[in-house]
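**Q** for reference, the sequence and a predicted model appear below.
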Amino acid sequence: MALERTLSIIKPDATKRNLTGKINAVFEDAGLRIVAQKRIQLSEKQAGAFYAVHKERPFYGSLVASMIAEPVVVQVLQAENAVAKHREVMGATNPSDAAEGTVRKLFAESIEANSVHGSDSLENAKNEIAFFFAETEILP
Ligand code: ADP
Ligand code: MG
């Protein structure tokens, strides 16, 4: 196992309900270290570019709108095996399929308003981290 970094986003449905701390506690209890974090308002252009991989999906427009409805908290999480560890603790995309104790089981409102984003591969994590953070903002 290697020390990895992954990109996490606490989504508008969660920031709106004041759940940033509770979600961070789940991550930290799982051994993920928050090595960078900022609360930002995404523009439509930024959210559209971030989710460009889903452009052809029927939910793309609605997803982009949901991501700009409120501020988000973008974070870099570091741990051994961080990408898989974070995906595991986030839970399945659809909260009705998510395992007990996962962020999405605990907090998500719907398949779209599912409280958190996490990179799905080490390569995507590198690109997604660079989308939001300068190397100087990441402090292990
Ligand atoms: P994940 O976030 O688990 O990696 P995806 O990459 O497949 O899931 O989808 C990105 C995001 O798009 C999801 O987190 C969710 O907010 C939204 N989404 C995915 N599938 C649907 C759907 N069927 N209907 C509405 N929104 C969806
Ligand atoms: Mg994804």
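**A** Received, thanks. For clarity, every value in this text was computed on a predicted model and none was experimentally measured. Ligands and ions are numbered 1, 2, ... in the order given.

**Q** can you give me the helices for the protein?
**A** Under the criterion DSSP state H, helices of the chain are mapped to 12-16, 20-29, 44-50, 60-67, 82-90, 103-107, 122-132.

**Q** out of these, which is closest to ligand 1?
**A** helix 60-67 (4.7 Å; Cβ to the nearest ligand atom). C-betas here are computed from N, CA, C, even on glycine.

**Q** which other residues reach stretch 71-78?
**A** With Cβ atoms under 8 Å, 6 or more residues apart in numbering as the test, stretch 71-78 has contacts from 3-12, 15, 20, 27, 32-42, 86, 129, 132-133, 138, 140.

**Q** among those residues, which ones are buried?
**A** By neighbour count, with 16 or more other Cβ atoms under 10 Å, the contacts of stretch 71-78 hold 4-12, 15, 20, 27, 32, 35-37, 42, 86, 129, 132-133 as buried.

**Q** ok, back up a step: report the entries of the contacts of stretch 71-78 that also contact ligand 1.
**A** Counting by Cβ under 6 Å from any ligand atom, nothing from these sits close to ligand 1.
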